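# Fold the following for me, if possible:
(one chain, ligands or ions: 1)
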Amino acid sequence: MMDIVKVTNVKKSYKKRKTKELVQAVKGINFTIKKGEIVGLLGPNGAGKTTTIKMMCGLLVPDEGEIYINGIDIQKRRLEALRHISVVLEGNRNIYWRLTVKENLEYFAGNRGFTKKQIQEKMDHLLERFNLKEKENEMVNSLSRGMQQKVAIAIALLADTEVIYLDEPTLGLDIETSYEIRRLLKEIVQEEQKTIIISTHDMPVVQEICERVIIVNHGKVVVDDRVDNLLQLFESKAYRFTLLKPLSDWQKEVLKKEFIVTISENDNNQTILDVNITTSEGFYKITEILEKEQTPIEKIDRSIVDFEEVFMNIVKGEKEIDLAHTV
Ligand SMILES: Nc1ncnc2c1ncn2[C@@H]1O[C@H](COP(=O)(O)OP(=O)(O)OP(=O)(O)O)[C@@H](O)[C@H]1O
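Below you'll find the predicted structure:
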């Protein structure tokens, strides 16, 4: 299948206003996205995601490297390339607050050159599907954040671009609305051949929706792999220690410093230590910490991991993990 997005050796530095010092935000990023894929672009704060996305949307010019959307060089043929991508920004900054839901949809679809009849048909369908029919004549600024988010996504769908970029689509939403957005996104991916790129810190969304993740840290891609592969890889490294004595404060402190751990208690008053061990030395280190205070180990099992833990481990222990097969 064709690469609908291609980012090649892209670099970008900012000049600090006061000191004029150069900050290298993106240090040579490479990835490709195929048509119809749903990809998470993730990374801790300051990793370089926003800078990358801004370059993909033509809002910033890279210092080096190339970006192609649907085979079109975004720097050479900017407007043509941008016709293939819709952007749903966090906080719904790209919808008009003083227009009604319907007016917003009509305005943006009109911008794309659709006829009135085409717009009407698609709009009715989308309003129905997004449960927004009753709100069609309400001003966007009177709607809840979740509804505004739905309007923004509906606009992107109405524009009918091949690529849709969603920035933090579930940020600040209650559980129910967040669930509804997730369901809608899943439906869209299944029913329409859209390519969706999501940047988010909401890891359950990633686990549920994304097929693949590109994780950026310190301005570089550190992982580019399928979500199920990563879960499997980390599952083979996740251990559950059942202990017959509570951990001391010292043990807790050292464990938390060196590993990503969860400490809990089971029904038999035993201490449960869930830990991700990514190197063989890690295993010895844990047993050493337990032995130092004579903490008896009842048993050691494998435990189930979720994507949140996978992400934390990658970002925290980037250098320790054997990423040979991922990047
Ligand atoms: N306009 C700017 N001027 C100077 N430095 C900037 C500017 N924008 C971003 N940076 C710096 O570039 C680096 C990458 O920032 P970027 O916003 O791309 O990260 P991010 O991964 O999107 O983070 P977040 O998840 O917090 O949005 C950071 O060190 C940031 O401080």
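# now for the lengthiest helix in the chain, which elements pack on it?
Secondary structure of the chain read by DSSP state H shows that its longest helix is helix 175-191. Helices and strands touching helix 175-191, by 3 or more CB pairs under 8 Å, 6 or more residues apart in numbering; DSSP states H and E, are helix 145-159, strand 195-199, helix 203-209. The C-beta positions use only the backbone N, C-alpha and C, and glycine is treated the same way.
# Which stretch among the ones you listed approaches the ligand most closely?
Nearest to the ligand among those is strand 195-199; the distance by CB to the nearest ligand atom comes to 7.4 Å.
# what residues does that closest one touch?
Residues outside strand 195-199 that contact it (CB atoms under 8 Å, 6 or more residues apart in numbering): 4-5, 33-42, 49-50, 53, 162-169, 185, 188-189, 205-206, 209-210.
# And the buried ones among the residues you listed, selectable in ChimeraX?
Buried residues within the contacts of strand 195-199, by 16 or more other CB atoms under 10 Å, are selected in ChimeraX with:
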select :4,5,33,36,37,38,39,40,41,42,49,50,53,162,163,164,165,166,167,168,169,185,188,189,205,206,209,210
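# Show me which positions of stretch 260-268 end up buried.
By 16+ other CB under 10 Å, the buried positions in stretch 260-268 come out as 260-261, 263.
# re the thing from before, out of the contacts of strand 195-199, which sit inside helices?
Reading helices off those with DSSP H, I get 49-50, 53, 185, 188-189, 205-206, 209.
# Dump those into a markdown table; add distance to the ligand and pLDDT as well.
Shown next, in a markdown table, are the ones in helices among the contacts of strand 195-199 (distance: CB to the nearest ligand atom, whole Å; pLDDT from 0 to 100):
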| residue | distance to the ligand | pLDDT |
| --- | --- | --- |
| Lys49 | 4 | 92 |
| Thr50 | 3 | 90 |
| Ile53 | 8 | 91 |
| Leu185 | 20 | 87 |
| Ile188 | 24 | 85 |
| Val189 | 24 | 81 |
| Val205 | 15 | 90 |
| Val206 | 14 | 92 |
| Ile209 | 19 | 91 |
